[in-house]
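Asker: Have a look; sequence and predicted model below, questions after that.
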Amino acid sequence: MKRFTFEQIADAERGLKMIEDRSYLLAYREFVAYFASLDVITEHHLIIAAHFVFGWIPTTLQMRNTDRNLPLATSVLNRVKRGEMVGEREVTALKDLLKNCLSAATKILHFINPHAYPILDSRVYLFINGKANQNRQTAVPTYFEYLHNCLEVTRDQRFGPVRASMNKKIGYEVTALRAVELIMYETGGSAEDQT
């Protein structure tokens, strides 16, 4: 995956026109609020969350190896909720449970802790690389490269006004990582590309 710069994000944001009544902007706040309201994430909550995340993905969820992966994934999500950063092994376990879909795994991680984990999907990938992800199976190490790249951009002293502009465009405040990811999502491709 290519690296992206603050300048690319700022340029894309300047030209971005948001449609405020899009259902995913409404759903986003509800998904984040759902996890914020939970003290502890149980397997029950994970199953519900997996299904609402797949509402944002044009494919049907089939949870895999639930006897083995469900308890591990639940443990990982509780660590994320407590503010811990998890590694490749933990994200791989979550991805494996969710039909081997890294996009779904990153969405759940983000909804639980939007300050620490950005979403990576096909539209963001298209923005970064200028082409669609042909094999549709993004590797977990690639996600961590993307995460660190997002953090670099959001830590740039010039990012504050870009984030403020995005908050104004969508009508509510989002985290820095959501702002940078949403800029890429909105300018990365058509709705048919999303996964």
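Answerer: Alright, I've got the coordinates.
Asker: so where's this protein uncertain?
Answerer: 19-21, 58-60, 63-67, 134-137, 189-195 (pLDDT under 70).
Asker: Just want the most central residue of it.
Answerer: residue 119 (1.5 Å; Cα atoms, centre = their mean).
Asker: That one and residue 96, how far apart?
Answerer: Applying Cβ to Cβ, to the nearest Å, the value for residue 119 to residue 96 is 19 Å. Just so you know, the C-beta spots here come from the backbone N, C-alpha and C atoms, and that holds for glycine as well.
Asker: Ok, residue 79 next?
Answerer: In terms of Cβ to Cβ, residue 79 sits 17 Å off from residue 96.
Asker: Who has more neighbours out of those two?
Answerer: Remark: of residue 79 and residue 96, residue 96 carries more neighbours, 19 against 16, as counted by other Cβ atoms under 10 Å.
Asker: quick one, phi/psi of that one?
Answerer: Dihedral pair for residue 96: phi -60, psi -40, per degrees, to the nearest 10.
Asker: next one: residue 13
Answerer: phi -70, psi -40.
Asker: OK, contacts around it?
Answerer: By Cβ atoms under 8 Å, 6 or more residues apart in numbering, the contact list for residue 13 reads 162, 165, 166, 183.
Asker: Please apply the same query to residue 3.
Answerer: 145, 149.
Asker: sec struct for it, please.
Answerer: Here residue 3 is coil, with the state taken from DSSP: H, G, I helix; E, B strand; the rest coil.
Asker: show me where this structure has helices.
Answerer: 6-14, 23-36, 43-54, 66-81, 88-97, 102-112, 122-129, 140-155, 159-170, 176-188 (DSSP state H).
Asker: which one of those helices is the most hemmed in?
Answerer: helix 102-112 (a mean of 25; mean count of other Cβ atoms under 10 Å).
Asker: what about that helix, distance to the chain center?
Answerer: Centroid displacement of helix 102-112 relative to its chain, using Cα atoms, centre = their mean, to the nearest Å, is 5 Å.
Asker: repeat for stretch 123-135
Answerer: For stretch 123-135, the distance to the chain centre is 15 Å (Cα atoms, centre = their mean).
Asker: could you dump that stretch to CSV, C-alpha only?
Answerer: Only the C-alpha atoms of stretch 123-135 are listed here, as CSV (Å, rounded to 0.1, in the frame of the first residue of the first chain):
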residue,chain,number,x,y,z
ARG,A,123,-12.8,3.1,-1.2
VAL,A,124,-10.0,4.1,1.2
TYR,A,125,-7.7,1.7,-0.5
LEU,A,126,-8.6,3.1,-3.9
PHE,A,127,-7.9,6.7,-2.7
ILE,A,128,-4.4,5.6,-1.4
ASN,A,129,-3.4,3.4,-4.3
GLY,A,130,-5.2,4.9,-7.2
LYS,A,131,-6.6,1.5,-8.1
ALA,A,132,-9.0,-1.1,-6.7
ASN,A,133,-7.7,-3.9,-4.5
GLN,A,134,-7.9,-6.8,-6.9
ASN,A,135,-7.4,-9.7,-4.5
